[in-house]
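Engineer: Coordinates only, no sequence provided:
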């Protein structure tokens, strides 16, 4: 919202400026209705409060038909005062009024006599005024433009637009060509040859669109753009025929071709399939962003960047929303995060609906084990990405069976930093080839044993032992503080009830996902409960329930996977 704006009353009583050049050079030649349109357009440009800045609003305000307003803007475009950016919907951009206010130069008598005769012969229905001839002469002198080249341009314009077109249109085209370096007779003839070469193709395209109008220069520019992008004539005609039933225009054709280009659909076969899938693509994109709790007012970027590439990999419209739901449950709440998971699934060969369901089932089974681990560790919280990473290491990298992992969790439940202790214990099991609970029962573990026995009696060892003891004190203090905070929080009924309900919902959600494909409302309720917990902690003035270690690498244990941390080795 803007800081400052004009009121409606201010705008209605304010002033709309009209350039003196418009009054001096154009007013006497412009039809009365067209003047109304131009001036009202200026009023709209200077009036940000009005709600009439639309074709319908202008029709009501001026009591004119839509076609009359369009013709007026076409007239002003021909003389260079406006640019029609879009025909459907109509969008007009006002251009600066030309400042060429000086009087035309004096022309030597007879200098352009042949030119004048030729132009009058080309336009016998018109009685060309002296003022019009002076405009031609002034242009030829100012731009050093060959008279024969201007004759060629006028001939081209009359063939294209008819002989009633304004002389200002001739000069506008000539100035545009001159700006592009087309300022000799040969260059003008080459430009027309190129246009004529394209005219047959353009005629076929307009016919395919159901249009009876002639192609203009803007149409030829669009066609050149499409061919430069390597669209074949066959593809362009295919899209034009598709748009015919939708009151197609060249602008609509350009929009759809650019959509195909963005989605890398460059053949008729690919376009046909894309058009057949386009509603499914929209529905799929809508479901995916909803399941990720995202919002996009325009789904086109989602379709182009994510949905289309995913379906090109072989993922179905039905499976993508299921993957999105799974991502949300795993804490992945962005399209890019989902994209990384899909790339992982693709590398694993998990593409079909059955394979995806099996993958999700396996992950839910993993989460059930992790919930059991957290329960044995006496941790009242949901599953974190950290927990899944740890479990993958224990299970797949270290090859420790689930029953031994659960046994270790039970043994570490009384430790202040139970997850850290469990990590060290399982690492010791791995190093000592312990793979059963029976073997683990006879194993005595001291995480500092190997390090403290090295170079016994050495001065360095004494210093390191002192460091380890110092770290232990810091670690126990941090863990004791975190444990005390948790005890205080759990004594609070609001926090305790919310946490208990979250634990119930996590188990229910996992069971529901394994048995039902439909959507549930567990996630929304969990988010609400997490907010309740957060509010309770704020009220209790508890900053965090996490253990605040000084060393974030080893959590003040002095070791990482059994090796000394840099907080020890660096001292």
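Structural biologist: Sure, I can see it. Treat the numbers as computed from the prediction; the structure is a model and nothing was measured. Numbers count the residues shown, from 1 in each chain.

Engineer: which residues touch residue 149?
Structural biologist: By C-beta atoms under 8 Å, 6 or more residues apart in numbering, the contact set of residue 149 is 174, 183-185, 187-188. C-beta: built from backbone N, CA, C; applies to glycine.

Engineer: the strands in the protein, which residues?
Structural biologist: 82-87, 90-94, 559-560, 563-564 (DSSP state E).

Engineer: ranking these by burial, who's on top?
Structural biologist: Here the criterion is mean neighbour count by mean count of other C-beta atoms under 10 Å, and of the strands of the chain the winner is strand 559-560, at a mean of 19.

Engineer: just to revisit the earlier point, dump the contacts of residue 149 to TSV, plus neighbour count and distance to residue 248.
Structural biologist: Below are the contacts of residue 149 laid out as TSV (neighbours: other C-beta atoms under 10 Å; distance: C-beta to C-beta, whole Å):
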residue	neighbour count	distance to residue 248
174	24	32
183	16	36
184	13	38
185	15	38
187	17	34
188	24	32
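
Engineer: so residue 38 sits right up against residue 75, yeah?
Structural biologist: No: applying C-beta atoms under 8 Å as the test, residue 38 and residue 75 come out as separate, 9.2 Å apart.

Engineer: Any stretches of the stretch 401-550 of the chain with poor pLDDT?
Structural biologist: Scanning the stretch 401-550 of the chain for pLDDT under 70 picks out 446-469, 507, 510-521.

Engineer: picking up where we left off before, closest to residue 386 out of the strands of the chain?
Structural biologist: strand 559-560 (14.8 Å; C-beta to C-beta).

Engineer: list residues touching both of residue 38 and residue 75?
Structural biologist: Listed as contacting both residue 38 and residue 75 by C-beta under 8 Å, 6+ apart are residue 30.

Engineer: Would you mind measuring from the spatially closest residue to residue 156 that is not a sequence neighbour to residue 369?
Structural biologist: Leaving out its chain neighbours, the residue that sits closest to residue 156 by C-beta to C-beta, 6 or more residues apart in numbering is residue 192, at 5.6 Å. Using C-beta to C-beta, to the nearest Å, residue 192 is found at 77 Å from residue 369.

Engineer: So which of these two has more stuff around it?
Structural biologist: The neighbour count for residue 192 versus residue 369, taken as other C-beta atoms under 10 Å, is higher for residue 192 (17 against 14).

Engineer: if I look at that one, how far off is residue 174?
Structural biologist: 13 Å.

Engineer: Output the below-cut-off pLDDT ranges for the stretch 51-200 of the chain.
Structural biologist: Ranges of the stretch 51-200 of the chain meeting pLDDT under 70: 51-52, 78, 98-109, 160, 196.

Engineer: how about the helices in it?
Structural biologist: For the stretch 51-200 of the chain, the helices defined by DSSP state H, counting those that start in this stretch occupy 55-62, 66-78, 113-122, 130-142, 147-161, 167-179, 185-208.

Engineer: Turn these into a markdown table, columns for distance to residue 339.
Structural biologist: Formatted as a markdown table, the helices of the stretch 51-200 of the chain follow (distance: least, C-beta to C-beta, whole Å):
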| stretch | distance to residue 339 |
| --- | --- |
| helix 55-62 | 41 |
| helix 66-78 | 45 |
| helix 113-122 | 62 |
| helix 130-142 | 57 |
| helix 147-161 | 49 |
| helix 167-179 | 45 |
| helix 185-208 | 37 |
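
Engineer: for those, which one sits closest to residue 294?
Structural biologist: Between these, helix 55-62 lies closest to residue 294; by C-beta to C-beta that is 34.3 Å.

Engineer: Against residue 357, how distant is the nearest residue in space to residue 508 that is not next to it in sequence?
Structural biologist: Once flanking residues are discounted, residue 508 sits nearest to residue 522: 6.3 Å by C-beta to C-beta, 6+ apart. Shown here: residue 522 relative to residue 357, a distance of 19 Å by C-beta to C-beta.

Engineer: more crowded one of the two?
Structural biologist: residue 522 (19 against 16).

Engineer: The more buried one against residue 503, yeah?
Structural biologist: No: using C-beta under 8 Å, residue 522 makes no contact with residue 503, being 11.9 Å away.

Engineer: ranges for the helices of the stretch 301-450 of the chain?
Structural biologist: 308-312, 319-329, 335-347, 353-376, 385-392, 402-411, 418-431, 437-441, 449-453.

Engineer: got the buried residues for the longest one?
Structural biologist: Meaning helix 353-376. Residues of helix 353-376 classed as buried by neighbour count (16 or more other C-beta atoms under 10 Å): 356-357, 359-360, 363-364, 366-367, 370-371, 373-374, 376.

Engineer: Can you give me the neighbour number for residue 155?
Structural biologist: Counted with other C-beta under 10 Å, residue 155 comes out at 16.

Engineer: Now it: closest residue in space that isn't a chain neighbour?
Structural biologist: residue 122 (6.4 Å).

Engineer: Next: residue 274.
Structural biologist: residue 265 (4.8 Å).

Engineer: residues contacting the one you found?
Structural biologist: Neighbour list for residue 265: 271, 273-274 [criterion: C-beta under 8 Å, 6+ apart].

Engineer: Geometrically speaking, which residue is the centre of the protein?
Structural biologist: residue 301 (4.4 Å; C-alpha atoms, centre = their mean).
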